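Peer 1: give me a 3D structure for the following:
(chains A and B)
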Amino acid sequence: MSDGSMTIGAAAVPAGAARRTLPAHGSRRTYSAYALVTPAAALMLIMLLGPLAGVIALSFTDYQLGAPHFSWIGLANYQDLFADKVFWTALRNTLAYVLIVVPGAVIAGLAIALLIQSGTSLRSLYRTIYFLPVMATLIAMAVVWEFMLHPQFGLVNGILRGAGLPAFAWLQDRSTALYALCAIGIWQAVGFNMVLFLAGLVSIPKQLYEAAEIDGASSGWARFRLVTWPMLGPVTTFVVVISGIRSFQVFDTVHVLTKGGPSKSTEVLIHTMYTEGFEFFRSGYAAAITVVFLVFVLLLTLVKSRLADRGVHYT
Amino acid sequence: MAQIELSAIRKSFDGADVLKGIDFRIEDGEFISLVGPSGCGKSTLLRIIAGLEPQNSGQVHIDGRPVDAIRPSARNLAMVFQSYALYPHLSTFDNIAVPLRMRRLSAIERLPLLGPLLPGRRAKERHIRADVEGIAEQLDIAPLLRRKPGQLSGGQRQRVAVGRAMVREPRAFLFDEPLSNLDAKLRVHMRAELAELHRRLKATFVYVTHDQAEAMTMSSRIAVMMGGELIQAGTPAEIYNHPNDIRVAEFIGSPKINVLPGRIRTDGGVDVLGTALKLACSAAAGECRVGVRPERIDLGTGPFSGTVVHLENLGAEAFVHLAIEGAGLRLIARLADVRHLPAMASSVAFGFAPDAVRIFDPAGKRIELRVEQPERIREPAHV
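Peer 2: Predicted coordinates for the structure are as follows:
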């Protein structure tokens, strides 16, 4: 009897204690969860979301760099922007640049990766050679390109003349300047894409190619269609989006080689933004251009995450 | 339906000989298992038959015609891989349809957007659909046709891989350890299914495995390979009962065959552990090795004795591990009647019938034996 009551009492105490401590324990866990998230959240706020909010806010003001005062002007910057012919030219040129450079750099990168992968010797040499433009400083390389594309003593025109073809004033001609910049853009991006494709190619199981061969895919093209291309799906999506975002950001070659000219034929978004913000000091207006630019990058990112959700990735 | 003939196949990788001259003939409709420990060259041999690996010398003939210069895709053989090698981006249906599309559709008809518009493509695609669905029905995978390989279990993937091999009715099927990625229970089940499939299709099956149980249970003939050589080929019963090499005897059978040190006397008699067996052979006097299968060891009677050191009771049968004093030897005996197990650490007498014994010379080759005549005549007299 006394034994029984003792047991009941003994059992009751820890049960009650547990009931009392459980919520406290739970909230302590919630606090520690927040505490653990704080550094990352703070960094994101300071480095990403804060500046973004700042830029968006700035785009609604008439702030000029160094000016003591500014006032809210609502959507006036955007009205100016959409009425400005230069902005539309810049947007059109940027989109043309992206539409040429992305397919060019992706296809060339894939082709070079396939060639290197199918070769047996000097693989790392070729890898290094094609990766060099990625590591080189683009400003310095742009100067080299300027020499190569020089109308009189440039290498490109020299070759063309040697082959009996007409020469061009590549960067000084309205009809060729943007395409010349596209070529440089492709040259610069190919190495990076190639490395990503090579990594993707290495991870394709060899047995799939053997199965394809046994199943009757005798030509290289049939095996590429059946195995390589679908298995590279996730890599290709990534490469296209990264190339897209990077070509939207095109600035350095334009700034060094053409300054947007001749007659705005190579004017691109970031260059317009730079000119407005740092040469005319119209910071509010430049912020509005930045917002437009960010919308395009965001769209690309959405496309990527949508594709990733659709199951381009395999298990 | 195909007959495959291998003559003097040699293969080396980086100077290491993997196959050292294989001569073998696989008859039409046979289920041949190439069995051996890992690294014996069995998979390489299969890949040479498939054409995925070129041999250094020797010829492969299929139906009497040399195929050495023919691409794998043109040899019309089907192969099931250890990893199944299903295309992860294609549904079960499309996986099985690949070999048909590759053969029946032209390169232009296979183009993604243009292909479906071409005349005749529809009718071909209808035939392909009917064939794939027929195969799926046979293999019980009809409900899985829309799923991707990532959503299938190991056994289901296995069936899809078999379906992809079956669908175009190849001349022969090549299997490269297809069951080794499955769990033990499913493996036993798939063993029966594959054997049944072979009976139904009556096609030539070449099956590579390191699991002697798979080879024993499914094949019409087993070819045992060791160190790049084909040591023995024969029916499962022949291989089990009359191994011509001690490595074959040791590889086939679970638990492993017991090997005792023996001696051939100058008169041709055989001594084991100091006891003369009622056997004779015509080999030269000297050391030999004596093999006895665990199920042929009779516990309770006999001239030998050992101590029970371990018991494995599997329910239907039991394995008794015996240590033989003075010889530093362990033996395993199979007991069919688990109700009368010897006690641990007890001493047990044992013996074996003369016809249970296989003896091998020091190089491992089997020595022909004859059971001594007087013994045979005397035995019925006892009864």
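
Peer 1: need the next SSE after the helix or strand hosting A:Val101, C-terminal direction.
Peer 2: In the assignment (DSSP states H and E), A:Val101 maps to helix A:85-118. Once helix A:85-118 ends, the next helix or strand along the chain (criterion: DSSP H and E) is helix A:123-135.

Peer 1: quick check: mean pLDDT across that next one?
Peer 2: For helix A:123-135, mean pLDDT is 82.

Peer 1: mind listing what's buried in stretch B:237-252?
Peer 2: For stretch B:237-252, burial by neighbour count (16 or more other CB atoms under 10 Å in any protein chain shown) applies to B:239-241, B:243-252. C-beta coordinates here come from the backbone N, C-alpha and C atoms, glycine included.

Peer 1: quickly note the distance from the closest residue to chain B within the stretch 201-315 of chain A to B:Ala107.
Peer 2: Per CB to the nearest CB, A:Gly216 is where the stretch 201-315 of chain A lies closest to chain B, at 3.4 Å. Distance of A:Gly216 to B:Ala107, computed by CB to CB, to the nearest Å: 12 Å.

Peer 1: now stretch A:95-114 - C-alpha only, CSV.
Peer 2: This file holds the C-alpha atoms of stretch A:95-114, laid out as CSV (Å, rounded to 0.1, in the frame of the first residue of the first chain):
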residue,chain,number,x,y,z
LEU,A,95,18.7,41.8,-75.8
ALA,A,96,20.4,41.3,-79.2
TYR,A,97,23.7,40.8,-77.4
VAL,A,98,22.2,38.2,-75.0
LEU,A,99,20.4,36.4,-77.9
ILE,A,100,23.6,36.1,-79.8
VAL,A,101,26.1,35.5,-77.0
VAL,A,102,24.1,32.9,-75.1
PRO,A,103,23.5,30.4,-77.9
GLY,A,104,26.9,31.1,-79.3
ALA,A,105,28.8,30.5,-76.0
VAL,A,106,26.6,27.5,-75.0
ILE,A,107,26.9,25.7,-78.3
ALA,A,108,30.6,26.5,-78.7
GLY,A,109,31.3,25.5,-75.1
LEU,A,110,29.5,22.2,-75.6
ALA,A,111,31.2,21.5,-78.8
ILE,A,112,34.7,22.1,-77.4
ALA,A,113,33.8,20.0,-74.3
LEU,A,114,32.7,17.1,-76.5
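
Peer 1: enumerate every residue touching residue 87.
Peer 2: No chain specified, so I'll use chain A. A:81, A:272, A:289 (CB atoms under 8 Å, 6 or more residues apart in numbering or on different chains).

Peer 1: my question was about chain B, not that one.
Peer 2: By CB under 8 Å, 6+ apart, the neighbours of B:Tyr87 are A:208, A:211-212, A:226-227, A:230, B:94-95, B:98, B:149.

Peer 1: which of those residues are buried?
Peer 2: For the contacts of B:Tyr87, a burial check counting by 16+ other CB under 10 Å picks out A:208, A:211-212, A:226-227, A:230, B:95, B:98, B:149.

Peer 1: what is the nearest of the residues you listed to B:Leu6?
Peer 2: Nearest to B:Leu6 out of the buried ones among the contacts of B:Tyr87 is A:Ala211 (CB to CB; 22.9 Å).

Peer 1: could you pull up the mean pLDDT of the helix or strand where that closest one lies?
Peer 2: Assessed by DSSP H and E, A:Ala211 sits inside helix A:206-214. When pLDDT is averaged along helix A:206-214, the result is 90.

Peer 1: so which elements touch the next helix or strand after that helix?
Peer 2: Using DSSP H and E, the helix or strand that follows helix A:206-214 in sequence is helix A:220-223. Packing contacts for helix A:220-223, counted by 3 or more CB pairs under 8 Å, 6 or more residues apart in numbering or on different chains; DSSP states H and E, involve helix A:206-214.

Peer 1: so what touches the helix it packs on?
Peer 2: Against helix A:206-214 from outside (CB under 8 Å, 6+ apart): A:222-223, A:226-227, A:231, B:50, B:52, B:71-73, B:77-79, B:81, B:83, B:85-87, B:98.

Peer 1: residue contacts, the residue of the stretch 251-383 of chain B found nearest chain A?
Peer 2: In the stretch 251-383 of chain B, no residue comes nearer to chain A than B:Phe251, which is 26.8 Å away by CB to the nearest CB. For B:Phe251, the contact set (CB under 8 Å, 6+ apart) comprises B:35-37, B:212, B:224, B:226.

Peer 1: of the residues you listed, select the buried ones using a PyMOL command.
Peer 2: Selection of buried members from these for PyMOL, criterion 16+ other CB under 10 Å:
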select buried, chain B and resi 35+36+212+224+226
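
Peer 1: save the contacts of B:Phe251 as JSON lines, and put in pLDDT too.
Peer 2: Formatted as JSON lines, these follow (pLDDT from 0 to 100):
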{"residue": "B:Val35", "pLDDT": "93"}
{"residue": "B:Gly36", "pLDDT": "90"}
{"residue": "B:Pro37", "pLDDT": "90"}
{"residue": "B:Gln212", "pLDDT": "89"}
{"residue": "B:Val224", "pLDDT": "93"}
{"residue": "B:Met226", "pLDDT": "90"}
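
Peer 1: let's see which of the contacts of B:Phe251 end up in helices.
Peer 2: B:Gln212 (DSSP state H).

Peer 1: for B:Glu295, state which of the contacts of B:Phe251 is nearest.
Peer 2: Nearest to B:Glu295 among these is B:Gln212, at 15.3 Å by CB to CB.

Peer 1: leaving out chain neighbours, which residue sits closest to the closest one?
Peer 2: Using CB to CB, 6 or more residues apart in numbering or on different chains and skipping the chain neighbours, the partner closest in space to B:Gln212 is B:Ile252 (4.9 Å).

Peer 1: look up the pLDDT of that neighbour for me, please.
Peer 2: 91.

Peer 1: hang on, the earlier thing: tell me which of A:Gly216 and B:Ala107 has more neighbours.
Peer 2: A:Gly216 (21 against 12; other CB atoms under 10 Å in any protein chain shown).

Peer 1: show the pLDDT at the residue in the stretch 1-150 of chain B that chain A sits nearest to.
Peer 2: Closest contact between the stretch 1-150 of chain B and chain A, by CB to the nearest CB, is at B:Met102 (3.4 Å). We have a pLDDT of 87 for B:Met102.

Peer 1: correct me, but A:Phe131 touches A:Asn193?
Peer 2: No. Using CB atoms under 8 Å, A:Phe131 is not in contact with A:Asn193; the gap is 10.4 Å.

Peer 1: ok, the most centrally placed residue in chain B - contacts?
Peer 2: Central residue of chain B (CA atoms, centre = their mean): B:Ala215, 2.7 Å from the mean position. Counting by CB under 8 Å, 6+ apart, B:Ala215 makes contact with B:33, B:35, B:207, B:209, B:222, B:236, B:252.

Peer 1: go on, B:Gln232?
Peer 2: By CB under 8 Å, 6+ apart, the neighbours of B:Gln232 are B:223-224, B:239, B:243-245, B:248.

Peer 1: shaky segments in the stretch 201-315 of chain A?
Peer 2: Low-confidence segments of the stretch 201-315 of chain A (pLDDT under 70): A:309-315.

Peer 1: strands along that one, start to end?
Peer 2: Counting by DSSP state E, counting those that start in this stretch, the stretch 201-315 of chain A forms no strands at all.

Peer 1: and chain A, which of its residues are near chain B?
Peer 2: Within chain A, the positions near chain B by CB under 8 Å from any CB of the partner chain are A:205, A:207-208, A:210-219, A:221-222, A:225-227, A:230-231, A:233, A:314-315.

Peer 1: which bits of the stretch 101-250 of chain B sit near chain A?
Peer 2: Close to chain A, as judged by CB under 8 Å from any CB, the stretch 101-250 of chain B has residues B:102-103, B:107, B:110, B:148, B:150, B:164, B:168.

Peer 1: how about 7 Å then?
Peer 2: B:102-103, B:107, B:150 (CB under 7 Å from any CB of the partner chain).

Peer 1: secondary structure added to those, as JSON lines?
Peer 2: Formatted as JSON lines, these follow (DSSP: H, G, I helix; E, B strand; the rest coil):
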{"residue": "B:Met102", "secondary structure": "helix"}
{"residue": "B:Arg103", "secondary structure": "helix"}
{"residue": "B:Ala107", "secondary structure": "coil"}
{"residue": "B:Gly150", "secondary structure": "helix"}
